[in-house]
Structure formats: structure tokens, C-alpha cells
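> Fold the following.
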Amino acid sequence: MRRVEREHDASHPYALRARELYAHALMEHGDPAAAAEEYMAVAQVWGDEEYWENLCRACDCWGRVVDLALAEEMARPLLRLLRAGGGAEGDKLRRFVRARLHALSAGKRAEREVAGRFDRIGAAVPEARPRVSGPDDRPLESRLK
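As a prediction, the model looks like this:
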């Protein structure tokens, strides 16, 4: 990727495609947060069509981030990029991010409420059990329905 950026400008289509491949590799190797950030960065350089393709990929990767605090932190920049345009696809992406952000906030509130109940009765808060299943592996389009 760096070689392509040295040979061409960082905004050259070859360099941008190399960064997209890098983001894909990050996702394949289990780092959806880094993949989403890379796709968001690439989207900002591309033109309109590729912009929305990369934002769609970023949303898909972001939807697989299991660290709730990190996912919540990443939602704001993602929503800023999704702010305008995109037609029906843009509307779906915005609804998806807002719905997940709302669910993350609700989950944090519920977690605090449970911890508060345990504090009131003087019991130790049980440790969260790890998820048995992995992140939602369905394509983004089927999760939006």
C-alpha cells in the first residue's frame, strides 16, 4: 500500500483501492473497528459513488464491533459522514447507525441500573458472560429490514 502511495498521489485511484484492500484485510483478520475507520477515511477522498460504497462497508464493519464503548465512540464520526445524500441507501445507513447507537445507549443504562441494584443490596456484581455467538454475520442489507 505504501509503495502505491509513493508512486502515486495518496488520492490517486490506485492508492485508494490499495487502502480499500487494506481495510478488507483488517476486517478479515478480525479488526472491524480499524476496518471501519479505514473505509471512512477512504470515503472522504473518493467521489460520490465510491463515497457511498465505502460508507456502506464502514457501516457493515462498525456493526460488527463488539466493544460497546468503542462502537459508541465511532458512531459520531460515522454519522457525520452519513449526514447528507445517498438517497435511499443513505437513509438506510443512517437508520442503522442511529438504531444501533440507541441500543448501545440503552444497554449501558441497563448495565448501570443492574449494578446499582447490586450495590443497594450489598452483593457483588456478577461478571458478564462472554457472548456465545459471534457478531451478527448477516449482510448489512438484511440487518436493516
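
> element containing the residue nearest to Ala10 when sequence neighbours are not counted?
Spatial nearest neighbour of Ala10, excluding adjacent residues (C-beta to C-beta, 6 or more residues apart in numbering): Val45 at 7.7 Å. Backbone N, C-alpha and C define where each C-beta goes, glycine included. Take DSSP states H and E as the rule and Val45 turns out to sit in neither a helix nor a strand.

> Use 30 as the first number from now on
Sure, I'll start counting at 30 from here, so that last one is Val74.

> okay, now Val74: neighbour count?
Val74 is flanked by 16 other residues according to other C-beta atoms under 10 Å.

> Next, it: phi, psi?
phi -100, psi -30 (degrees, to the nearest 10).

> separation between it and Glu67?
The gap separating Val74 from Glu67 is 12 Å, by C-beta to C-beta, to the nearest Å.

> again, but for Ala44
Going from Ala44 to Glu67 by C-beta to C-beta gives 13 Å.

> Next: Glu57.
For Glu57, the distance to Glu67 equals 13 Å [C-beta to C-beta].

> Would you mind telling me which of these two has more residues around it?
The neighbour comparison of Glu57 against Glu67 (other C-beta under 10 Å) goes to Glu67, with 24 against 9.

> ok, that one - contacts?
For Glu67, the contacting residues are Arg48, Tyr51, Ala52, Leu55, by C-beta atoms under 8 Å, 6 or more residues apart in numbering.
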